[in-house]
Structure formats: structure tokens, C-alpha cells
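1. coords below, sequence missing:
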């Protein structure tokens, strides 16, 4: 369980690091000259998926899309960060107090981790495409160059 908690804590912190760099104007950026959604839409997907996955894991049920985070708040980096922190902290607290997880719960945890990392890769592209500063922790973890 310790390894799972460490992985989740790490990926949650790295996604928070992106948000610490984004104001509302940056949250509305797209990848120029190609079809894309916004940085805020990418981050809202992280928040909404973390909601849905954590609920299903806590209740040990099959995945269903029932997020709490309102999509219309996707450009408010403070609201998104506050929500991600609250859900992440509650989820890690839950995991810290259990000894065993069902196969379903483990499967969903792995999907959640994969989803969060997938969006990191997408956010890296948005940062490069818009000539933004790469967060230090992301740069170091993924061995990115300037």
C-alpha cells in the first residue's frame, strides 16, 4: 500500500505544480494552429476524473462518471487547485487507513494514476506549444530539456 500511496501523492503533487504556474489567461490557452481544447479543459478533466475514480474506489464499485467539480470553473486555477487538493488529500487519507483493497479498487487506482500521467504529457505539449516555463518538478521527473 505504501508504494501506491507514494505514486498517487507524487502524481497529485506534480499536477498541482502545473496549476501553480497557470492564471486564468494561461488556462484559456490552446495549442496554436491545431485542433485542441484549452489547458483549463485538460485540468478540469483531471479534477473530474479524480472525483469519479476516487468515489468508485472508496465505494468499491465499477467505474462511473459522476464528478463533483463543475466544468464551468475550469479556468479558475485557485478553485481547481483547492478541489484537487481536497479530493487528493481525502483519498490518500482513506488509503492510509486500509490494509487490503479489492481487485476492482486496485484496477481503478491504476487507471487513475494512468489518467493523471496521461494529462501530464498533454500539458507538457501545451507548455511547449505556448512557449511557457516548464515547472521544475515536471522537468526533472520527465527529464525534459529547454
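-> Arrived safely, thanks for sending. Everything numeric in this text was worked out from a predicted model, so none of it was measured.
2. what residues sit buried inside the longest helix anywhere in the chain?
-> Secondary structure of the chain per DSSP state H: the longest helix is helix 103-129. Neighbour-count burial for helix 103-129 flags 105, 108-109, 112-113, 115-116, 119-120, 122-124, 126-127 (criterion: 16 or more other C-beta atoms under 10 Å). For the C-beta atoms, the positions are set from N, CA and C on the backbone; glycine is no exception.
3. kindly report the same for stretch 17-30.
-> Using 16+ other C-beta under 10 Å as the test for burial, stretch 17-30 gives 17-19, 21-22, 26-27, 29-30.
4. who touches it?
-> With contact meaning C-beta atoms under 8 Å, 6 or more residues apart in numbering, stretch 17-30 is reached by 36-40, 43, 74-77, 80-81, 84, 120, 123, 126, 130, 132-133, 135-138.
5. so for that stretch, first residue to last residue, what's the gap.
-> 19 Å (C-alpha to C-alpha, to the nearest Å).
6. avg pLDDT for that stretch?
-> The average of the pLDDT scores along stretch 17-30 is 92.
7. so residue 93 is in which element?
-> Residue 93 is part of helix 77-96 when elements are defined by DSSP states H and E.
8. ok so, going back, can you lay out the buried residues of stretch 17-30 as TSV showing distance to residue 93 and secondary structure?
-> Converted to TSV, the buried residues of stretch 17-30 look like this (distance: C-beta to C-beta, whole Å; DSSP: H, G, I helix; E, B strand; the rest coil):
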residue	distance to residue 93	secondary structure
17	21	helix
18	23	helix
19	21	helix
21	27	helix
22	26	coil
26	31	helix
27	28	helix
29	34	coil
30	36	coil
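9. tell me the SS of the residue nearest in space to the middle of the chain?
-> With the centre of the chain defined as its mean C-alpha position, the nearest residue by C-alpha atoms, centre = their mean is residue 46, 3.9 Å away. Classification of residue 46 by DSSP: H, G, I helix; E, B strand; the rest coil places it in helix.
10. where's the nearest residue to it once chain neighbours are set aside relative to residue 45, distance?
-> Excluding its sequence neighbours, the residue lying closest to residue 46 (C-beta to C-beta, 6 or more residues apart in numbering) is residue 119, at 5.0 Å. Residue 119 sits 7 Å away from residue 45, going by C-beta to C-beta, to the nearest Å.
11. residue 13 now?
-> 18 Å.
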